[in-house]
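Novice: Sequence plus predicted model, see below.
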Amino acid sequence: MPPVAESDHERAAHAHQVAIFRAMAPQQRLQQALRMNRMMRTALAAGISDRHPKWSEQQVKRAVAERVLYARTG
């Protein structure tokens, strides 16, 4: 499937986001990355729990870990 072209608005938003991250100190960027990672894991766990309501917390945590470990990009 060919990549979808970005709109002017998307390109402008991306450029703005990049500028914000570049203005941050390295420690701030790391803290933001860790916050985003926690948010992603929390959302992923909520989705897995919704799909598997009988699973224990440990099973959900394992599923999250496996999903992150074996994730593919691109």
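Specialist: All right, it came through fine.
Novice: Going by neighbour count, list what's buried in the top helix by length along the chain.
Specialist: Across the chain, the longest stretch assigned as helix under DSSP state H is helix 26-51. Buried positions in helix 26-51, judged by neighbour count with 16 or more other CB atoms under 10 Å: 44-45, 48-49. The way it works is simple: take the backbone N, C-alpha and C, and place the C-beta from them, glycine included.
Novice: and if you look at stretch 54-67?
Specialist: For stretch 54-67, a neighbour-count test (16+ other CB under 10 Å) marks 60, 63-64 as buried.
Novice: quick one: low-confidence ranges for this structure?
Specialist: 1-3, 74 (pLDDT under 70).
Novice: Give the residue farthest from the middle of it.
Specialist: residue 54 (25.2 Å; CA atoms, centre = their mean).
Novice: Tell me how far that residue lies from residue 48.
Specialist: Here the distance between residue 54 and residue 48 works out to 12 Å (CB to CB, to the nearest Å).
Novice: cool, residue 16 as well?
Specialist: For residue 16, the distance to residue 48 equals 33 Å [CB to CB].
Novice: Residue 19 now?
Specialist: Residue 19 sits at a distance of 35 Å from residue 48 (criterion: CB to CB).
Novice: Ramachandran coordinates for residue 54?
Specialist: Backbone torsions for residue 54, taken as degrees, to the nearest 10, come to phi -90, psi -10.
Novice: swap that for residue 6, sorry
Specialist: Here residue 6 shows phi and psi, under degrees, to the nearest 10, equal to phi -80, psi 150.
Novice: Where does the closest residue to it other than its chain neighbours fall, secondary structure wise?
Specialist: Using CB to CB, 6 or more residues apart in numbering and skipping residues adjacent in sequence, the residue nearest residue 6 is residue 14, 7.5 Å away. Assigned by DSSP states H and E, residue 14 belongs to helix 8-23.
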